[in-house]
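[1] Below: sequence and its predicted model.
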Amino acid sequence: MRRPHLPAWLPLDPYVLALLGTVGLAALLPASGPAAATLAEGAATGAVALLFFLYGARLSTREALDGLRHWRLHLTVLGCTFLLFPVLGLAARGLVPTLLTPPLYSGLLFLCLVPSTVQSSIAFTSIARGNVPAAICAGSFSSLAGIFLTPVLAAGLLGESAGGFSLDSLRGIALQLLLPFLLGQTLRRWTGGFLVRHKKALGYVDRGSILLVVYAAFSAGMAAGIWHQVSAPRLGALLAVEAVLLAVMLLVTWYGAKRLGFGREDRIAIQFAGSKKSLAAGLPMASVLFGAQASLAVLPLMLFHQMQLMVCAVLARRRAGAPASRPASGSGSDPASRPGSGPEPRPDPRPEPRPASGESAPEGELPAGHVAEVSPTPQPPAAQAR
């Protein structure tokens, strides 16, 4: 089975470059004026609704429910995403105002409330030779839970900076996030085949919609003049705080999963699914929850997204090159399907010495010459008589 691979150098996500270009465009040519601002806001609102409709239509609830047999792993990932991350985000409150400004801290805390990403978690888990089916189910569970938990947690923990529990914010969450998502889930029976056949084209629709949301958010931020609140030292401090946050989550997910008794392949899935945050889900949510303040709110998430890609790319390659340990029972993966990570070579039942074959058998295969001894080459009758 061919595995996804990353370039040898540290990856710079092209989509992050597109996002930065969109930010630059909003800084140079913002949607200014009542008509342009209204048009940009309306287009962004429609794009958010379309995004969550597509999320609902793509997410297979049946596949997610089929993974319930591995419920300990999924609960561990959900606990890291929606419990441990928010606790660390709340602990970072002590860095205000010494290192972080209140708006940057709000964005950092919002980052801690966003669900886990699906695609990159699966890709890195596969590269590291982890439990890919578990990563798929864990990412699906996190995305499904994040549709409901992220807005509620943001409204409760961020207070007025995220709209609080006002009627307008709840209406925006319901109309722009929940309703399109539920509609997509309802129509998935009829739209699923179409989405699979046109997956590549709809991927561009996804990314284009997010770019539109980012442009509208940063245009509103330029009009409000909030970018004057950010300085280079503050951005450097934000990057340092996010690096510590990512390092803590990578260590906790790896060694915590080991302490909980998970096998190596499950620990890989937990580490990559439990330490990541979804840019695709977080950006449209921020536009609904933060309004004109969304440009600063999404900045920590954009920086963290690129950081997690770079760090996890290196980590995944190291995990792939590390010697595989014996798989724990009940890990839910098939180690024999991955070369180099299979079980120990099967011991030969016959202890008598064998002629040297010139090379050792690959790991996980029978020793050289074993088939030849089971099915000996027929010899002439004269040789047998001798």
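    That came through, no problem. Since this is a predicted model, take the numbers as computed values, not measurements.

[2] My read is that residue 85 contacts residue 112, right?
    Yes - using Cβ atoms under 8 Å, residue 85 is in contact with residue 112, at 4.2 Å. (Each C-beta comes from the backbone N, C-alpha and C, glycine too.)

[3] what is in contact with those two at once?
    Common contacts of residue 85 and residue 112, defined by Cβ atoms under 8 Å, 6 or more residues apart in numbering, comprise residue 277.

[4] And for residue 232, the neighbour number?
    Residue 232: 7 surrounding residues under other Cβ atoms under 10 Å.

[5] Give me the pLDDT for it.
    With respect to pLDDT, residue 232 scores 86.

[6] Now it. Its backbone dihedrals?
    Backbone geometry at residue 232, expressed as degrees, to the nearest 10, gives phi -60, psi -40.

[7] again with residue 101
    Main-chain dihedrals, residue 101, degrees, to the nearest 10: phi -80, psi 160.

[8] who touches it in this structure?
    Per Cβ under 8 Å, 6+ apart, neighbours of residue 101: 229, 230, 234.

[9] can you check residue 85 too?
    112, 113, 249, 277.

[10] Spit out the contact partners of the second one.
    Neighbouring residues of residue 113 by Cβ under 8 Å, 6+ apart: 82, 85, 86, 89, 149, 150, 153, 154, 157.

[11] what kind of secondary structure is residue 115 in?
    Here residue 115 is coil, with the state taken from DSSP: H, G, I helix; E, B strand; the rest coil.

[12] any idea how far it is from residue 59?
    Per Cβ to Cβ, to the nearest Å, residue 115 is found 11 Å from residue 59.

[13] which residues do those two both contact?
    Listed as contacting both residue 115 and residue 59 by Cβ under 8 Å, 6+ apart are residue 143.

[14] thought residue 276 was touching residue 120?
    Yes - using Cβ under 8 Å, residue 276 is in contact with residue 120, at 6.4 Å.

[15] higher neighbour count, the two?
    Remark: of residue 276 and residue 120, residue 276 carries more neighbours, 30 against 23, as counted by other Cβ under 10 Å.

[16] and stretch 45-62, which residues are buried?
    Within stretch 45-62, the residues that count as buried by 16 or more other Cβ atoms under 10 Å are 45, 47-59.

[17] Reformat those residues as JSON lines; add distance to residue 285.
    Formatted as JSON lines, the buried residues of stretch 45-62 follow (distance: Cβ to Cβ, whole Å):
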{"residue": "45", "distance to residue 285": "13"}
{"residue": "47", "distance to residue 285": "13"}
{"residue": "48", "distance to residue 285": "8"}
{"residue": "49", "distance to residue 285": "12"}
{"residue": "50", "distance to residue 285": "14"}
{"residue": "51", "distance to residue 285": "10"}
{"residue": "52", "distance to residue 285": "9"}
{"residue": "53", "distance to residue 285": "15"}
{"residue": "54", "distance to residue 285": "15"}
{"residue": "55", "distance to residue 285": "11"}
{"residue": "56", "distance to residue 285": "14"}
{"residue": "57", "distance to residue 285": "18"}
{"residue": "58", "distance to residue 285": "17"}
{"residue": "59", "distance to residue 285": "16"}
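
[18] and those residues as a markdown table, adding distance to residue 319 and pLDDT?
    A markdown table is the format used below for the buried residues of stretch 45-62 (distance: Cβ to Cβ, whole Å; pLDDT from 0 to 100):
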| residue | distance to residue 319 | pLDDT |
| --- | --- | --- |
| 45 | 41 | 82 |
| 47 | 37 | 86 |
| 48 | 36 | 83 |
| 49 | 39 | 85 |
| 50 | 36 | 87 |
| 51 | 32 | 85 |
| 52 | 33 | 85 |
| 53 | 36 | 88 |
| 54 | 32 | 86 |
| 55 | 29 | 81 |
| 56 | 33 | 82 |
| 57 | 33 | 84 |
| 58 | 28 | 80 |
| 59 | 27 | 73 |
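
[19] List the buried residues for the helix or strand hosting residue 305?
    Using DSSP states H and E, residue 305 maps to helix 294-321. Neighbour counts over helix 294-321 (16+ other Cβ under 10 Å) mark 294-306, 308-309, 311-313, 315-317, 319-320 as buried.

[20] what residues are up against the residue lying closest to residue 274 once chain neighbours are set aside?
    Once flanking residues are discounted, residue 274 sits nearest to residue 80: 3.5 Å by Cβ to Cβ, 6 or more residues apart in numbering. Residue 80 is in contact with 249, 252, 253, 270, 274, 275, counting by Cβ under 8 Å, 6+ apart.

[21] By neighbour count, sort out the buried ones in those residues.
    Of the contacts of residue 80, these count as buried by 16+ other Cβ under 10 Å: 249, 252, 253, 270, 274, 275.

[22] What residues does the last one make contact with?
    Read it as residue 275. Going by Cβ under 8 Å, 6+ apart, residue 275 touches 80, 246, 249, 250, 253, 308, 312.

[23] And these, which is closest to residue 74?
    Nearest to residue 74 out of the contacts of residue 275 is residue 80 (Cβ to Cβ; 10.9 Å).

[24] State the pLDDT value of the closest one.
    Reported pLDDT for residue 80: 97.

[25] quick one on the thing from earlier: JSON lines for the contacts of residue 101, including secondary structure and distance to residue 33?
    As requested, those are exported to JSON lines (DSSP: H, G, I helix; E, B strand; the rest coil; distance: Cβ to Cβ, whole Å):
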{"residue": "229", "secondary structure": "helix", "distance to residue 33": "23"}
{"residue": "230", "secondary structure": "coil", "distance to residue 33": "24"}
{"residue": "234", "secondary structure": "helix", "distance to residue 33": "30"}
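
[26] Give me the buried entries from these.
    230, 234.

[27] Just the helices from the stretch 1-150 of the chain, written as ranges.
    14-28, 34-58, 61-66, 71-79, 85-91, 102-113, 119-127, 132-158 (DSSP state H, counting those that start in this stretch).
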